[in-house]
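Asks: I would like the atomic coordinates for the input below:
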Amino acid sequence: MSETPDTRPDEVVLPEDPALATAVLEVEAHVGRQGWDQPARLYALVPTASLVEQEPALAAAMGIDGPGDEGSFTPIEQDALPPGESLEEALESIAWPPAVAGCAAVVERLVLPPEVDDAIPEDPAEAERFAREHPLRQEVRIVAGATRAGASYCALRLRAHDDEMAVVDGTGLVPGLVELLHATLDITTEEN
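Replies: Alright, predicted model coming up:
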């Protein structure tokens, strides 16, 4: 007797953390309403129940009047990144306090189809110029989120298909960025 796989190819795979997925999609919709050509953004994800309990005035100012769904997160936008610093550079120096259960990052990038990978120059500045000038480039907005529990979720929107109904979402869409987000949530400390 053969074993049956856990999922069929036509089955919908649910996110490992529905609250994280909801928060990522909320951030994507919020940023999407503000248009394109925006700087990178970073959000702390705090448990909504904790926010209401510990910061009732802030919760009220944000229009939150109750603890929300069990385990839900409230995204709180952080200050702008320092001028000239990339999101990836900023994430390397961030460590969230214990009250932050997760984080999300928003960044716009140019992407090229896989068939041009071999033609991309190795020099980063040349690679950026190559991407900006390539006729097959696509502009994409990436929203990636991660939690201390190890969950991740991403949402992508192409500028050419700028519609909430065309947002692609899932867990494994931007593994490099998700890895950087998880590193900011690492709560291990070094002893001096």
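Asks: quick one: the strands in the chain?
Replies: Listed in chain order, the strands found in the chain under DSSP state E are 41-47, 73-77, 102-111, 138-147, 152-158, 168-170.
Asks: output the ones you listed as JSON lines; include the columns mean neighbour count.
Replies: No exception for glycine: its C-beta is placed from N, CA and C like everyone else's. Putting the strands of the chain into JSON lines (neighbours: other Cβ atoms under 10 Å) gives the following:
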{"stretch": "strand 41-47", "mean neighbour count": "22"}
{"stretch": "strand 73-77", "mean neighbour count": "21"}
{"stretch": "strand 102-111", "mean neighbour count": "22"}
{"stretch": "strand 138-147", "mean neighbour count": "22"}
{"stretch": "strand 152-158", "mean neighbour count": "23"}
{"stretch": "strand 168-170", "mean neighbour count": "14"}
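Asks: with distance to I120 and mean pLDDT added, can I get those strands in JSON lines?
Replies: JSON lines is the format used below for those (distance: least, Cβ to Cβ, whole Å; pLDDT from 0 to 100):
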{"stretch": "strand 41-47", "distance to I120": "27", "mean pLDDT": "95"}
{"stretch": "strand 73-77", "distance to I120": "33", "mean pLDDT": "93"}
{"stretch": "strand 102-111", "distance to I120": "11", "mean pLDDT": "95"}
{"stretch": "strand 138-147", "distance to I120": "15", "mean pLDDT": "96"}
{"stretch": "strand 152-158", "distance to I120": "20", "mean pLDDT": "96"}
{"stretch": "strand 168-170", "distance to I120": "23", "mean pLDDT": "93"}
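Asks: of those strands, which is nearest D118?
Replies: Evaluated over the strands of the chain, closeness to D118 peaks at strand 102-111, with 15.8 Å, by Cβ to Cβ.
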